[in-house]
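Enquirer: predicted model and sequence below, questions to follow.
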Amino acid sequence: MEPSALSPVMDVEALEAFLARDFPQLHADGRHYRVVRVKPGTVTMRLSPEDRHLRPGGTVSGPTLFTLADVGAYLAILAHIGPSALTVTTNLTINFMHKAAPGPLEGMARLLKLGKRLAVVETTITDAEGRLIAHATGTYSIPPDRHDAVK
């Protein structure tokens, strides 16, 4: 089945609740990363960067963009398989295409393959004008027991 034909099993609220419960460290110093949309095969997140996310020269740092790509891809998988906390990144490659000026950014993660044990996801990060800032692809290992979420 094509990933875009999959029906999500978690919505925005469920994904946000999962992050608050299982990954509170993401929001330890404020809610800079938010899930804004869940559609078949995709999850979109928004990053609202502050000064601590900027590198010298006033651009959003690479590690901040990498986090947006990784968390977005992870949540795209979970949105379609359920809250499997032990799904892990096995590879993530990111290409920085343009300078990320301070301001809101969106990361849209799209499932390319969702198998029983592996998922492949592509994430595009764009600025408020729709300009491509970064492109990432990642592979994630899905545990055999998909009901491993911490309760």
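Expert: Everything's here; your move.
Enquirer: quick one: distance of the helix or strand of the chain with the lowest mean pLDDT to the chain centre.
Expert: When the helices and strands of the chain are scored by mean pLDDT, DSSP states H and E, strand 54-55 comes last with a mean of 90. Counting by C-alpha atoms, centre = their mean, to the nearest Å, strand 54-55 is centred 20 Å from the centre of its parent chain.
Enquirer: next helix or strand past it?
Expert: strand 59-60 (DSSP states H and E).
Enquirer: so for that following strand, mean pLDDT?
Expert: Mean pLDDT, strand 59-60: 95.
Enquirer: mind giving me the packing neighbours of the helix or strand just after that strand?
Expert: Where DSSP H and E defines the elements, the next helix or strand beyond strand 59-60 is helix 62-81. With contacts taken as 3 or more C-beta pairs under 8 Å, 6 or more residues apart in numbering; DSSP states H and E, helix 62-81 sits against helix 12-22, strand 33-39, strand 42-47, strand 88-96, strand 105-114, strand 118-127, strand 132-141. Where C-beta positions appear, they are placed from N, C-alpha and C, glycine not excepted.
Enquirer: buried ones in helix 62-81?
Expert: For helix 62-81, the neighbour count (16 or more other C-beta atoms under 10 Å) marks 64-81 as buried.
Enquirer: now the angle from it to strand 42-47?
Expert: 150 degrees (axes from the mean of the first three to the mean of the last three C-alpha atoms, to 10 degrees).
Enquirer: switch to numbering from 407
Expert: Sure, I'll start counting at 407 from here, so that last one is helix 468-487.
Enquirer: got the CA positions of helix 468-487 in PDB?
Expert: Extracted in PDB, the C-alpha atoms of helix 468-487 (Å, rounded to 0.1, in the frame of the first residue of the first chain):
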ATOM      1  CA  GLY A 468      21.800  23.300  11.700                       C
ATOM      2  CA  PRO A 469      21.200  21.300  14.800                       C
ATOM      3  CA  THR A 470      17.800  23.100  15.200                       C
ATOM      4  CA  LEU A 471      16.800  22.200  11.600                       C
ATOM      5  CA  PHE A 472      18.000  18.700  12.100                       C
ATOM      6  CA  THR A 473      15.800  18.300  15.200                       C
ATOM      7  CA  LEU A 474      12.800  19.600  13.200                       C
ATOM      8  CA  ALA A 475      13.500  17.000  10.400                       C
ATOM      9  CA  ASP A 476      14.100  14.100  12.800                       C
ATOM     10  CA  VAL A 477      11.100  14.800  15.100                       C
ATOM     11  CA  GLY A 478       8.800  15.400  12.200                       C
ATOM     12  CA  ALA A 479       9.800  12.100  10.500                       C
ATOM     13  CA  TYR A 480       9.500  10.200  13.800                       C
ATOM     14  CA  LEU A 481       6.000  11.600  14.300                       C
ATOM     15  CA  ALA A 482       4.900  10.900  10.700                       C
ATOM     16  CA  ILE A 483       5.700   7.200  11.400                       C
ATOM     17  CA  LEU A 484       3.900   7.200  14.800                       C
ATOM     18  CA  ALA A 485       0.900   9.000  13.300                       C
ATOM     19  CA  HIS A 486       0.400   5.900  11.100                       C
ATOM     20  CA  ILE A 487       1.400   3.000  13.400                       C
END
